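show me how the following folds:
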Amino acid sequence: MLTHEIFHKKNMLTFDIPPLDCALKPELEACIDNKTKPLRSLGRLEDIALKVGLIQNTLTPKLARPVILVFAGDHGIVEEGVSPFPQAVTQQMVHNFLAGGAGINVFARQNGVALRIVDAGVNHIFGLLPDLIDAKIGMGTASFKQARAMDEAQCEQALEHGAELARAEIQAGSNVLGFGEMGIGNTSAAAALMSVFCDLPPEQCVGRGAGHDDDGVRRKLATIHAAIKLHQCSAYDPLQVLATFGGFEIAMMAGAMLGAAEKKAVLLIDGFIATSALLVASRLAPEILDYCIFSHCSDESGHALLLRHLQAEPLLNLGLRLGEGTGAALAYPLVQASVNFLNEMASFQSAKVSTKGSA
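Numbering: from 1, shown residues only. Below is the predicted model of the structure:
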């Protein structure tokens, strides 16, 4: 087992991501190939079946109690005019999630996926709401054009809170977790993280976010250029980069991904923001990528390039750019289908069907 440690003063976070045991791979591949179908005729579903079988180290994988964790947090960078929407929309959408009225609620209900709504750092006091998980680190981050978004202690706290939430879901019986987010301004944070970690110019990372016009995109781009120049972060110090440009919801989501992979859960990765959180997590523990299924390619500029950087092949390309975990919820039935054909489809032998070239 490989151990990845983040040191900060006297504190230490450790994430132990077990490498996949690939000893079963030839047997899984043979099982998939011997189903009553032409070779590779189920395409990507066969890849997903193989991946889930390897994650669970079994020829008969099962998906149990799927859940999507939706993390919400506010961003001080909104002060710089990087979003066409006011910051208040973050807390308004949290209420919408709790009322069951958002896109993620619709798709999660449709596909039998549980939702957990997490206040990671919204600039609002919600009080006691029965279906809201209060993991608030602060009342939103600082503007990373002026200062670091958060300090390293807050960053570590967000990572650990996220890991604890994921571990709790797995302890309760889940073995497949999706990740979503809500946070006005978080495409700016994600673009900055991508630019630094992937060593790409911001022009290749910045998109329209929640609906910027051309002037808005130019303003957003100039803001990120200025912030990267100000901080001069090294991609070899992922905790510093995350603390400088990230959001509380992005950091907490990264921690949840790490915590889920520690327990060998299947991870459903959503769009641009969620993939930026995974990018951070992969710099802390590269083995996490073995546990990921990439649900879709977002229409947000930069996501396709980020997926290529991670050597990821998404299941869907529907022009989505909503976030919230909606892509993960929509992709889940395809993961179900992959596991179901592996478990339930007859083999040539059991169905007494002739194979190619047989007499």
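
and Glu344, how close does it get to Lys352?
Here the criterion is C-beta to C-beta, to the nearest Å. By it, Glu344 lies 17 Å from Lys352. C-beta coordinates here come from the backbone N, C-alpha and C atoms, glycine included.

how are the strands of this structure distributed by residue range?
Remark: strands of the chain, listed N- to C-terminal, are 2-8, 11-17, 67-73, 114-121, 132-134, 176-182, 266-269, 292-294; assignment by DSSP state E.

among the ones you listed, which comes closest to Ala99?
When the strands of the chain are ranked by proximity to Ala99, the top entry is strand 114-121, at 10.5 Å, counting by C-beta to C-beta.

would you map the helices across the stretch 101-250 of the chain?
Assignment of helices within the stretch 101-250 of the chain using DSSP state H, counting those that start in this stretch yields the ranges 103-110, 152-171, 186-198, 214-231, 238-245, 248-262.

tell me which of the strands of the chain sits nearest to Ala226.
strand 67-73 (22.2 Å).

still on that earlier bit, most packed of the helices of the stretch 101-250 of the chain?
When you average the neighbours per residue for each of the helices of the stretch 101-250 of the chain (mean count of other C-beta atoms under 10 Å), helix 248-262 leads with a mean of 31.

so, low pLDDT: which residues of the stretch 201-350 of the chain?
Residues of the stretch 201-350 of the chain meeting the criterion pLDDT under 70: 209-212.

quick one on the thing from earlier: turn the helices of the stretch 101-250 of the chain into JSON lines, columns for distance to Asn34.
Listed next are those as JSON lines, based on distance: least, C-beta to C-beta, whole Å:
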{"stretch": "helix 103-110", "distance to Asn34": "33"}
{"stretch": "helix 152-171", "distance to Asn34": "32"}
{"stretch": "helix 186-198", "distance to Asn34": "40"}
{"stretch": "helix 214-231", "distance to Asn34": "51"}
{"stretch": "helix 238-245", "distance to Asn34": "43"}
{"stretch": "helix 248-262", "distance to Asn34": "30"}
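
go through the ones you listed and name the closest to Ile68.
Between Ile68 and the helices of the stretch 101-250 of the chain, the shortest separation by C-beta to C-beta is 6.0 Å, and it involves helix 103-110.

packing partners for that closest one?
Of the remaining helices and strands, those touching helix 103-110 by 3 or more C-beta pairs under 8 Å, 6 or more residues apart in numbering; DSSP states H and E are strand 67-73, strand 114-121, helix 326-344.

for Ala190, find the nearest of these.
Sorting these by C-beta to C-beta, the top spot, which is the nearest, belongs to strand 67-73 at 12.3 Å.

what pairs with that closest one, and is each one parallel or antiparallel?
Partner strands and pairing direction for strand 67-73 (DSSP bridges) are strand 114-121 (parallel), strand 176-182 (parallel).

alpha carbons of the longest one, as PDB, please.
This points to strand 114-121. Provided in PDB are the C-alpha atoms of strand 114-121 (Å, rounded to 0.1, in the frame of the first residue of the first chain):
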ATOM      1  CA  ALA A 114     -29.100   9.300  -2.600                       C
ATOM      2  CA  LEU A 115     -28.000  12.900  -2.300                       C
ATOM      3  CA  ARG A 116     -26.100  14.600   0.500                       C
ATOM      4  CA  ILE A 117     -25.900  18.400   0.500                       C
ATOM      5  CA  VAL A 118     -22.800  19.700   2.300                       C
ATOM      6  CA  ASP A 119     -22.200  23.300   3.400                       C
ATOM      7  CA  ALA A 120     -18.400  23.400   2.900                       C
ATOM      8  CA  GLY A 121     -18.100  27.200   3.100                       C
END
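
buried set for that strand?
The neighbour-count criterion (16 or more other C-beta atoms under 10 Å) identifies Leu115, Arg116, Ile117, Val118, Asp119, Ala120, Gly121 as the buried residues of strand 114-121.

can you tell me the closest non-neighbouring residue to the last one?
Closest residue in space to Gly121, ignoring its immediate chain neighbours: Phe248 at 2.9 Å, by C-beta to C-beta, 6 or more residues apart in numbering.

if I pick the one you found, what's in contact with it?
If you count contacts by C-beta atoms under 8 Å, 6 or more residues apart in numbering, Phe248 has them with 71, 73-74, 120-121, 136-138, 140-141, 150, 154, 158.

from those residues, pick the one nearest Pro314.
Compare each of the contacts of Phe248 with Pro314 using C-beta to C-beta and the shortest gap goes to Phe71, at 20.8 Å.

neighbours around the closest one, how many?
37 (other C-beta atoms under 10 Å).

what sits against it?
Counting by C-beta under 8 Å, 6+ apart, Phe71 makes contact with 118, 120, 162, 179-183, 248-250, 252-253, 256.

how much space separates it from Gln311?
For Phe71, the distance to Gln311 equals 25 Å [C-beta to C-beta].

and for Glu344?
In terms of C-beta to C-beta, Glu344 sits 31 Å off from Gln311.

equivalent analysis for Ala189, please.
Taking C-beta to C-beta as the measure, Ala189 and Gln311 are separated by 23 Å.

likewise Glu160?
Going from Glu160 to Gln311 by C-beta to C-beta gives 28 Å.

so Ile77 makes contact with Ala191?
No - using C-beta atoms under 8 Å, Ile77 is not in contact with Ala191, being 10.4 Å away.
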